[in-house]
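# let me see the structure of the following:
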Amino acid sequence: MSHIRCTKSFSRSAAERQDFAPGWLPIPWTDDQNSSTPASAPTRLERAFLFTRPTKSEYSYGGHMATYPAGGYVADLTEYPDKASDLMRDLEANEWVDQYTRAVLVEFNTSDLTEFNTSGWISTPGPC
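Okay, the predicted model is just below:
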């Protein structure tokens, strides 16, 4: 990740909220799509490039450099290690974290017979 250079500082008003195809490419909409043909469900990789709007129960996250609003681009790694590893490789190959990334929030759930925890933290990709 040392090849990534930072752009401007984070600004809530400048934060991206559009949907993209993998690689941050514009989604190729066509006017002649047949609405009677069901679209296939997006893959986990495709979903990672779709903006997820925050719900009323989600809160902003305070990082070292800024406070980041809820919502954003979510990569669901699943509970299957092989599938999670494949998705991580695909995310890297499609530059899911790039020079415009200001924070990556990692959340995970653990459970056993006596407890259920959700944990997370903020990690910035560089000195932005």
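# can you tell me which helix or strand of the protein has the lowest average pLDDT?
Ranked by mean pLDDT, DSSP states H and E, the helix or strand of the chain with the weakest confidence is strand 116-123, at a mean of 52.
# need the residues that contact the top helix by length along the chain.
Looking across the chain with DSSP state H, the single longest helix is helix 81-93. Under the criterion CB atoms under 8 Å, 6 or more residues apart in numbering, residues 22, 44-45, 48, 75, 77-78, 97 lie in contact with helix 81-93. (Each C-beta comes from the backbone N, C-alpha and C, glycine too.)
# one more time with 6 Å
Residues outside helix 81-93 that contact it (CB atoms under 6 Å, 6 or more residues apart in numbering): 44-45, 75, 77-78.
# do stretch 60-74 as well
With CB under 6 Å, 6+ apart as the test, stretch 60-74 has contacts from 10, 12, 52-54, 58-59, 103, 105, 122.
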